[in-house]
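Student: Using only what follows, build the 3D model:
(chains A and B)
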Amino acid sequence: MFGINMNPYELLAAVFGLGAILTYLLGHFDRHLKTWLTLITLALATYIFLHLPNEYSLESPSLLFGIDKLSWLFGILTLGLGTIVAFALLAYPELSPNFYFMFILNIGASIFLLLSRDLVAFFLMWELMSWTIFAMILGDGGAERGRAATKYLVWSAIGAAFILFAFAILAKSTNSFEWSGIVAGISQMPSGWRVAAIALLIAGFAVKAAIMPMHTWVPDAYAESPHPFTAFLSGVLSKLGIYGIFLAFFVLSARFELVNMPKIFGTHIFGYILAWIGALTAFGASLIAIKQEHAKRLLAWSSISQLGYILFGFGIGSAIGIAGALFHAVSHALFKTLLFLILAGVIKRTGTDRMAELGGLIKKMPLSFIFAVVGGLALAGIPMTIGFPSKWLIYEAAIHQGFIFTTVLIFAASTAVFLYYYRFVFSIFLGELHANHQDVKEVPFPIWFSYILISIPIFWLGLFPGKAMQIFAEIAEQFDLPAVTNFTATTITTPLGSFNALIVGLVFFASFAFGLLLYFIGGRTRKVHQYDTFLAGEADEPVKLHYGQRFFYFLERELKPLYRISVEKIYQFVAEFTRFVADQVRKGFFCGNAQAYLYYMTIFIVILVFAIWRIKL
Amino acid sequence: MTGQILWAIFMPILVIIIGLIYMGLARKITARIHNRYGPPFYQNIIDVIKLFSKKDVANHGVMFSLGPVIAVAGMVISLLFIPIGNRPLLSFNGDIIVLLYLLVIAPLGMALGVGEGANPNGAIGIARALTLMLGYEVVLVIAAVAVMIHAGSASFMEIIRQQQGGVAHWFIWPLFLSALATDIALQAILGEKPFDQPIAPHEIASGPMVEYGGKFLGMLQIYHAIAIIVETGIFVNLFLGGGSLVWWFVKSFAVFFVALLINAVMPRFRIGQAFKFYWTYPAAIGLVGLIIVAIT
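Tutor: Residues are numbered from 1 along each chain as shown, chains lettered A, B, ... in the order given. The predicted structure is shown next:
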């Protein structure tokens, strides 16, 4: 390739490494050069990624890499959306070269994480990926960002510790560091260790996948990270946690499920636990999203909620459930990247994400509004967009497997989507335009062009879900999982019912034509000013009346008992308790009495001597 | 095939006329209960014709005008996906869950249009409507899941097929609690008292409709007319066994009539109370019904 005698894997690593360093060094000279270099790096990497051979092993240190359908899917998402986000970055020349350095390294680490086939490579890449995120959240510092980054770092470390511990168990019990060896040897493991390892792995990956109760870093980190990068963080990097959960739950436990695990109605008990955690995450996070005042936090909670759906789909574990969960991973990646990019554009133009201070931007930023609606349709799961088939599969799977209570929770969560989505789009784009936003312009070309690029697959896969289903079927086949096979390019059929996406789309356009016909039958219209509204005589002259603050106050009031439940409070309590106990211990030992210290020293020396004497013997 | 297409074009117009007559009858019946005389039953048809002939209608922008268009379009597409009078048009291309999501297109489009109107009354109306929706949707879903598990299918045609063969086969008997919960949810879906907070003419000046006049209001009337048929139609198909064309509309009007009677004598809940109500009693009734279905 390119006349260079290098393995494509080495070449890929070299592209990422050199790209990052060059971007960092040359980025200091020109404001736009760093973004173009990033784009070139990612384009080269994508080209190489699409031409990777199946296997590659490094002799020393002995690392193993390879590519399969699953890593291909997540890799394409990472590189594709990474490139689109990088394209939008053209409009942000103020970001420092450090950021670009970390961004390229982060994508490189993510790709090699997906390609890694042994535990060492996997863990190294996982850590590199986590640390680069930390650097990007921290950015140039500041108290709030520092706090958010620290919170992220602590959680990330906890997650990594879980993963490392689980890897140690797996490697010790199966005498192998390679995935294939572990998968082969896992059935010989003692069942207690096996369950422990898989539970630890899922808990560790759940941190990155923002699953409750490991989610508390998410709203802060999303709110404080650089705005275009939040799109990537939510859209793509959370999916790496989902990838990890898939590996832990299906690749590892698909084998041990065959052995002996208690089953209820054909789903093993692990699945129930995951499904409940997923459903509660989806439900709880969407209720919290409703009451947010900052748009970025609203979308952050929405991300947590949508990732809960994916976990729920995995928990169901039937063919439809797995396909639905993978589908939702793809669709969430697309629409949440789009929504966060739109918000980034809005913040760029207005300087705030507080929804009460925005409003009426449809008049100034019509393109952003259109794509906010596209993203919202997919988020809400309206047919014709990618959001519908993915949610629909999850519902069908849940009802078919008899997950009745969790189905109700999930449905409530998706109804709540309409509430917070409407709040998002109304408070920012609709309602009254503020006086100080009279001169706001549409977002610059790179940003709105990136909206278009993301919207194409949103509609394409929404009308032809079969294209994606084909890939999911191949993934399922590769890991010996049950696969949905009853589909064509436009139709998916489950045991419960069927859905023809293209027919729905075509009929909607026919109905829309009917609506337009009615519109043109009626008389002329006259454009009026935004203050020319009916206020029932309550205000005699035009006043600013943007309904943006506490949008669902009456609902918040009723949900107060639910809002009182807070995971963060529990952690706070644990922290306070630990501090209290430690304080008591400290007071006991460090009493300020010299004589007591002398006693400690004597005891310590005695123990030391005793220990040395024992070792010598 | 040609017959199907002709029916697909003719049926929405038929449904609009019948729906407008429902609305007229509703006014008449409510008036008689209130001991008034009331307008003639075809009054709403006249109203719509009048609204469409109004000139110089206030317009707040493109999304504002598209709102009613999408509202009508969304309702027409929902209409095509439910079997009316044993005539499945597109029902084989989607099931109950597809319909539940298609039903949302219309209110969502309208909500976006109302938003551009920049009237706080409209936005409050939408916020109330969404809150109410969070309330009743849970009840509706609990009931719908019970039906789907009972029938072993999510397809309308399959559910109707299983209810053929007389009144005794209707799902309202084995799924009585689910039917009851659905009917309570229907009261809010239809926007009848005590759940008419989104409109609340005395508080927020008709809420979402406040800025819409002329042909826009006419389109919203048409939207409402179709919505009544679709929403009562879901109940008829799920619990009352569908039926031939005339029977189907008789059953649908019977369901609407029950809602009207409650509407005529009830005051309005505060929105918070309405939400809380749905998440307590009807949800509990529905859950008991669901558990019974799941066990048997």
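Student: would you put the C-alpha positions of stretch B:235-250 in CSV?
Tutor: Only the C-alpha atoms of stretch B:235-250 are listed here, as CSV (Å, rounded to 0.1, in the frame of the first residue of the first chain):
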residue,chain,number,x,y,z
PHE,B,235,-60.8,1.4,21.2
VAL,B,236,-63.3,-0.2,18.8
ASN,B,237,-60.6,-2.3,17.1
LEU,B,238,-58.9,-3.4,20.3
PHE,B,239,-61.8,-4.1,22.5
LEU,B,240,-65.1,-4.0,20.5
GLY,B,241,-64.2,-6.3,17.6
GLY,B,242,-64.1,-3.9,14.7
GLY,B,243,-67.1,-4.7,12.5
SER,B,244,-68.6,-3.7,9.2
LEU,B,245,-68.5,-0.1,8.0
VAL,B,246,-71.8,1.1,9.5
TRP,B,247,-71.3,-1.0,12.7
TRP,B,248,-67.8,0.3,13.1
PHE,B,249,-69.0,3.9,13.1
VAL,B,250,-71.9,3.1,15.5
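Student: quick one: contacts for residue A:142?
Tutor: By C-beta atoms under 8 Å, 6 or more residues apart in numbering or on different chains, no residues touch residue A:142. Using the backbone N, CA and C atoms, a C-beta is placed for each residue, glycine as well.
Student: can you pull out the strands in chain A?
Tutor: Ranges of strands within chain A are A:55-58, A:63-66, A:263-264, A:267-268, A:491-493, A:498-500, A:525-527, based on DSSP state E.
Student: Tabulate those in TSV, adding columns for mean pLDDT.
Tutor: Formatted as TSV, the strands of chain A follow (pLDDT from 0 to 100):
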stretch	mean pLDDT
strand A:55-58	74
strand A:63-66	81
strand A:263-264	62
strand A:267-268	68
strand A:491-493	81
strand A:498-500	83
strand A:525-527	77
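Student: okay, those in TSV with mean neighbour count and distance to chain B next?
Tutor: Formatted as TSV, these follow (neighbours: other C-beta atoms under 10 Å in any protein chain shown; distance: least, C-beta to the nearest C-beta, whole Å):
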stretch	mean neighbour count	distance to chain B
strand A:55-58	14	42
strand A:63-66	22	39
strand A:263-264	11	13
strand A:267-268	18	14
strand A:491-493	20	8
strand A:498-500	22	4
strand A:525-527	14	4
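Student: Tell me which of those sits nearest to residue A:601.
Tutor: Closest to residue A:601 of the strands of chain A, according to C-beta to C-beta: strand A:63-66, at 47.8 Å.
Student: Name the residues that touch the closest one?
Tutor: For strand A:63-66, contacts defined as C-beta under 8 Å, 6+ apart pick out A:9, A:54-58, A:112, A:115-118, A:120-121, A:178.
Student: tell me which element whichever residue of the stretch 151-296 of chain B sits closest to chain A is part of?
Tutor: Sorted by distance to chain A under C-beta to the nearest C-beta, the residues of the stretch 151-296 of chain B start with residue B:215, at 2.5 Å. Assigned by DSSP states H and E, residue B:215 belongs to helix B:214-239.
Student: C-terminal to that helix, what's the next element?
Tutor: Following helix B:214-239 in sequence, per DSSP H and E, is helix B:245-265.
Student: Mind listing what's buried along that next one?
Tutor: Across helix B:245-265, burial judged by 16 or more other C-beta atoms under 10 Å in any protein chain shown covers B:248, B:249, B:251, B:252, B:253, B:255, B:256, B:258, B:259, B:260, B:263, B:264.
Student: do stretch B:81-91 as well
Tutor: Using 16+ other C-beta under 10 Å as the test for burial, stretch B:81-91 gives B:81, B:82, B:83, B:84, B:85, B:87, B:88, B:89, B:90, B:91.
Student: how close does the first one get to chain A?
Tutor: Spelled out, that is residue B:81. In this view, residue B:81 and chain A are 8 Å apart by C-beta to the nearest C-beta, to the nearest Å.
Student: Could you do the second one as well?
Tutor: Here the distance between residue B:82 and chain A works out to 13 Å (C-beta to the nearest C-beta).
Student: cool, the fourth one as well?
Tutor: With distances defined as C-beta to the nearest C-beta, the gap from residue B:84 to chain A amounts to 15 Å.
Student: Now that residue. Nearest residue, chain neighbours left out?
Tutor: Spatial nearest neighbour of residue B:84, chain neighbours left out: residue B:248 (5.9 Å); criterion: C-beta to C-beta, 6 or more residues apart in numbering or on different chains.
Student: helix, strand or coil for residue B:64?
Tutor: At residue B:64 the chain is in helix, as set by DSSP: H, G, I helix; E, B strand; the rest coil.
Student: thought it was touching residue B:109?
Tutor: No - with contacts counted by C-beta atoms under 8 Å, residue B:64 stays clear of residue B:109, the gap being 11.2 Å.
Student: quick one: contacts of stretch B:147-162?
Tutor: Stretch B:147-162 is touched from outside by A:396, A:399, A:402, A:404, A:496-498, B:82-83, B:86, B:88, B:91-92, B:95-97, B:99, B:169, B:171, B:174-175, B:178, B:237-239, B:241-242, B:290, B:293-294, with contacts defined as C-beta under 8 Å, 6+ apart.
Student: run the last query once more with 7 Å
Tutor: A:396, A:399, A:496-497, B:82-83, B:88, B:91-92, B:95-97, B:171, B:174-175, B:178, B:237-238, B:241-242, B:293-294 (C-beta atoms under 7 Å, 6 or more residues apart in numbering or on different chains).
Student: Report the buried residues of that stretch.
Tutor: Going by neighbour count (16+ other C-beta under 10 Å), the buried part of stretch B:147-162 is B:147-151, B:153-160, B:162.
Student: quick one: average confidence on it?
Tutor: Computed over stretch B:147-162, the mean pLDDT rounds to 83.
Student: Looking at the residue nearest the centre of chain B now. What's its pLDDT?
Tutor: When C-alpha atoms, centre = their mean is applied to chain B, the residue found nearest the centroid is residue B:231 (3.3 Å). pLDDT recorded at residue B:231 is 90.
Student: List the contacts of it.
Tutor: Residue B:231 is in contact with B:186, B:189, B:190, counting by C-beta under 7 Å, 6+ apart.
Student: Closest approach to chain B from the stretch 301-450 of chain A, which residue is it?
Tutor: Residue of the stretch 301-450 of chain A nearest chain B, by C-beta to the nearest C-beta: residue A:430 (3.0 Å).
Student: I figured that residue hits residue B:116, correct?
Tutor: Yes - using C-beta atoms under 7 Å, residue A:430 is in contact with residue B:116, at 5.2 Å.
Student: Distance check, residue A:152 against residue A:113.
Tutor: Distance of residue A:152 to residue A:113, given as C-beta to C-beta, to the nearest Å: 18 Å.
Student: err, residue A:225, not the other one
Tutor: Taking C-beta to C-beta, one finds residue A:225 at 20 Å from residue A:113.
Student: again with residue B:62
Tutor: Distance of residue B:62 to residue A:113, computed by C-beta to C-beta: 45 Å.
Student: More neighbours: those two, which one.
Tutor: A side-by-side neighbour count of residue B:62 and residue A:113, using other C-beta atoms under 10 Å in any protein chain shown, places residue A:113 first with 24 against 13.
Student: about what we covered before: if we only consider the buried residues of stretch B:81-91, which is nearest to residue A:273?
Tutor: Checking the buried residues of stretch B:81-91 against residue A:273 with C-beta to C-beta, the nearest one is residue B:81 at 36.3 Å.
Student: and for residue A:430 and residue B:116, which residues touch both?
Tutor: Residues touching both residue A:430 and residue B:116 (C-beta under 7 Å, 6+ apart): residue A:362.
Student: Mind checking which of those two has more residues around it?
Tutor: Neighbour count, other C-beta under 10 Å: between residue A:430 and residue B:116, residue A:430 has more, with 33 against 27.
Student: Now do the contacts for the more buried one.
Tutor: Neighbouring residues of residue A:430 by C-beta under 7 Å, 6+ apart: A:360, A:362, B:112, B:115, B:116.
Student: pLDDT added to those, as TSV?
Tutor: Shown next, in TSV, are these (pLDDT from 0 to 100):
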residue	pLDDT
A:360	81
A:362	85
B:112	89
B:115	85
B:116	85
